[in-house]
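Asker: what shape does this take:
(one chain, ligands or ions: 1)
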Amino acid sequence: MLTGASPVYDWRELHRWGISEARLPAGSEVRFRERGFWERYRWLIVGTVVLCLLEAALIISLLVNRARRKGADERFRLAVEAFPNGVVLVNNQGQIVLVNSQAEKLFGYSRAELIGQAVEVLIPERFRGAHVGHTAGFLASPQRRAMGMGRELFGRRKDGTEFPVEIGLSPIQSEEGPLVLSAIVDISARREMEAELLRERAELAHVARVSTMGELAASVAHELNQPLGAILANAEAAELFLEQEPPALDDLRAILADIRNDDERAGEVIRRMRGLLRKHELEREPLEINSLVEDVLQLVSGDAALRGVALNVDLGPALPKVAGDRVHLQQVLLNLILNGMDAMAGQPREQRRISVRTRSDADGRVELAVTDSGHGIAPDKLARLFEPFFTTKPNGMGMGLSIARTIIEAHNGRIWAENRPEGGAVFRISLPPVGSNQVIK
Ligand code: ADP
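Answerer: I've put the predicted structure just below:
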């Protein structure tokens, strides 16, 4: 023991002899104490615990985040499922990553068959740069009609059948990269309604055409009745005068003069009818023949489909405009097309073809040709087609081409018909361009 103000002990000695520090007098000082585990490793322990906590927090936050994302995915999936139309989600490798049950129903494939399917990625103009596209592999028809934006799109079912679709595309950013969401709507029902509407319009046009011609024919018949009746009565009288002995030549001469007069009156009736059409009904405005052709083709497309006729159109580029009456020129074209269809009624369906071509010739005149693959025109009838009341149809009125010629001539144009060497007829119209020195007669 050392002397001094307060007793001092060696911790190593105390430890060796097993003397507890509690038994030392108060105020004793213990020296050379060995540091304990805690003292020695305190910072390591603290550091380790802190690190463990940090790691745990990280893991928890990752778990929480994952849970949260899973929740979002789930919500997204539910939203997609609730969508009333087919939805297909495609990644930028062109693989389907998500579909809803509407899409399954639309295409007749199961979800399992669709998910992961590598589909051809097509990138419509408006999505360029975003590396997204929509499915062509199962969507496009064999002719790849789905590739063209602005064209008709068709979906193809698992069984190979096709249906018209409308597709809305929206790019989506996801953690896996850009995706494209395609909302697919089956528009068969709408298409049918449109076709029905077209059929109705074509029927209406047909009725309007028939009733216009019917009215015209009725008034022409009424006006012609009188001179024709007089001619008949005079002819019968002439026969009686001829039977006299000697024949009453003076009376016969007078009768022939009457017949000539009545004939001229009849001719005048027809001329007046034509004049009426020219003076009162013709408008003149610069017209684009191509757009007029498109309007008429749309009008008859339903009728053509019903009658199994394929309509072809070949529109010449940069045609000059013509000055004319849109409604009347449409009527002429409509008539030519309907005549063509009538002429093909006896042909097998696959041979019923009408094509409408427009061109401009060297003089800048606009030419329009309507070609059919029908029975053609007997050579002896060719010269008479445009005469009023000339018809070879059991219920024909024979006014269509006569009116067509009246209208075309009122436009300073020409209309004529030819037989095609390969069968069928072609009706041609040539119209002067706007601004050429034309006067509507
Ligand atoms: P409709 O159609 O009432 O007979 P149109 O004046 O339109 O009156 O036609 C007169 C006739 O011209 C028809 O009856 C038919 O004999 C003939 N014709 C018209 N278009 C064609 C065609 N594309 N092919 C063959 N003959 C035609």
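
Asker: within range of the ligand, give me the residues from the stretch 51-200 of the chain.
Answerer: Within the stretch 51-200 of the chain, no position lies close to the ligand (CB under 6 Å from any ligand atom). The way it works is simple: take the backbone N, C-alpha and C, and place the C-beta from them, glycine included.

Asker: can you count the residues close to Ala383?
Answerer: 11 (other CB atoms under 10 Å).

Asker: ok but it is inside a strand, no?
Answerer: No. When classified by DSSP: H, G, I helix; E, B strand; the rest coil, Ala383 is found to be helix rather than part of a strand.

Asker: hmm, stretch 392-406 in reach of the ligand?
Answerer: Yes. Counting by CB under 6 Å from any ligand atom, the ligand is contacted by stretch 392-406 at 392-393, 396-402.

Asker: out of the residues you listed, which are inside helices?
Answerer: 400-402 (DSSP state H).

Asker: please save the CA atoms from stretch 409-416 in PDB.
Answerer: Coordinates of each C-alpha in stretch 409-416 appear next as PDB, following Å, rounded to 0.1, in the frame of the first residue of the first chain:
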ATOM      1  CA  GLU A 409     -73.200  20.300-124.500                       C
ATOM      2  CA  ALA A 410     -74.500  23.100-122.300                       C
ATOM      3  CA  HIS A 411     -71.000  23.000-120.800                       C
ATOM      4  CA  ASN A 412     -69.500  23.300-124.300                       C
ATOM      5  CA  GLY A 413     -68.300  19.700-123.900                       C
ATOM      6  CA  ARG A 414     -68.700  16.500-125.800                       C
ATOM      7  CA  ILE A 415     -69.900  13.100-124.800                       C
ATOM      8  CA  TRP A 416     -69.600   9.900-126.800                       C
END
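
Asker: can you point out the buried residues in it?
Answerer: For stretch 409-416, burial by neighbour count (16 or more other CB atoms under 10 Å) applies to 409-413, 415.

Asker: which parts of the stretch 151-300 of the chain are helices?
Answerer: When assigned using DSSP state H, counting those that start in this stretch, the helices of the stretch 151-300 of the chain occupy the ranges 188-243, 249-281, 289-306.

Asker: most tightly packed of these?
Answerer: helix 289-306 (a mean of 18; mean count of other CB atoms under 10 Å).

Asker: what about that helix, distance to the chain center?
Answerer: Once both centres are worked out by CA atoms, centre = their mean, to the nearest Å, helix 289-306 turns out to sit 14 Å from its chain's centre.

Asker: elements contacting it?
Answerer: When contacts are defined as 3 or more CB pairs under 8 Å, 6 or more residues apart in numbering; DSSP states H and E, helix 289-306 packs onto helix 188-243, strand 310-314, helix 326-343, strand 353-360, strand 366-372.

Asker: pull up the pairing partners for the last one, direction included.
Answerer: In this case it means strand 366-372. strand 353-360 (antiparallel), strand 425-431 (antiparallel) (DSSP bridges).

Asker: quick one, the longest one and helix 326-343 angle?
Answerer: For strand 353-360 against helix 326-343, the angle by axes from the mean of the first three to the mean of the last three CA atoms, to 10 degrees is 140 degrees.

Asker: tell me the mean pLDDT over strand 353-360?
Answerer: When pLDDT is averaged along strand 353-360, the result is 97.

Asker: the shortest one too?
Answerer: Averaging pLDDT along strand 425-431 yields 98.

Asker: quickly compare the strands paired with strand 366-372 and say which is most buried.
Answerer: By mean neighbour count, with neighbours taken as mean count of other CB under 10 Å, strand 425-431 ranks first of the strands paired with strand 366-372 at a mean of 21.

Asker: relative to helix 289-306, how tilted is that strand?
Answerer: Using the same axes, to 10 degrees: strand 425-431 against helix 289-306 is 160 degrees.

Asker: so is strand 425-431 next to the ligand?
Answerer: Yes. Looking at strand 425-431 against the ligand by CB under 6 Å from any ligand atom, the contacts come from Ala425.
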